[in-house]
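J.: structure for the following, please:
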Amino acid sequence: MTVNVVSPGYVETDMTAAIRDRLQKESREESGGTQKENAKYSKPEEIAIAIVDLCEQTSAHVNGEEITLDSGIFLS
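T.: Have a look, this model is predicted:
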C-alpha cells in the first residue's frame with residue numbers, strides 16, 4: 001500500500017478571495033504600501049496535477065511523503 005499526503009497552502013477559490021484580499025491589505029498597511037505581495041495562491045488545477053502525478057506508475061516508489069504545495073507562503 002502506498003500512502004502520501006498533498007498539503008496545499010492557500011488555494012485560489014471564491015471562498016479564499018476575501019482572505020487573500022485582507023492579508024494583502026494588512027501587508028501593505030504594515031509596510032507603508034511598499035511591500036510587494038510574494039505569496040502565490042495555488043490554483044485547484046495545480047493541486048490536481050500533483051495528485052495525478054502521485055497516482056501514476058512512475059511514482060510507484062514514492063511512499064510516506066508529504067508534498068507541500070504552498071509556494072513558500074509559510075516560510076519565515
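J.: buried residues, stretch 42-51. List them.
T.: 42, 47, 50 (16 or more other Cβ atoms under 10 Å). (Each C-beta comes from the backbone N, C-alpha and C, glycine too.)
J.: can you pull up the bridge partners for the first one?
T.: Listed beta-bridge partners, residue 42: residue 11 (assigned using DSSP bridges).
J.: quick revisit: check pLDDT for the buried residues of stretch 42-51 and point me to the minimum.
T.: Scanning the buried residues of stretch 42-51 for pLDDT, the low point is residue 42. It has 89.
J.: what ranges does this protein have for its strands?
T.: With DSSP state E, the ranges of strands along the chain come out as 5-8, 66-69.
J.: nearest to residue 55, out of these?
T.: Across the strands of the chain, residue 55 has its closest neighbour in strand 5-8 (10.8 Å, Cβ to Cβ).
J.: what about that closest one, distance to the chain center?
T.: Strand 5-8 sits 9 Å away from the centroid of its parent chain (Cα atoms, centre = their mean, to the nearest Å).
J.: now do the buried residues in the helix or strand bottoming out on mean pLDDT in the chain.
T.: Least confident helix or strand of the chain, by mean pLDDT, DSSP states H and E, is helix 14-30 with a mean of 84. Within helix 14-30, not a single residue qualifies as buried, counting by 16+ other Cβ under 10 Å.
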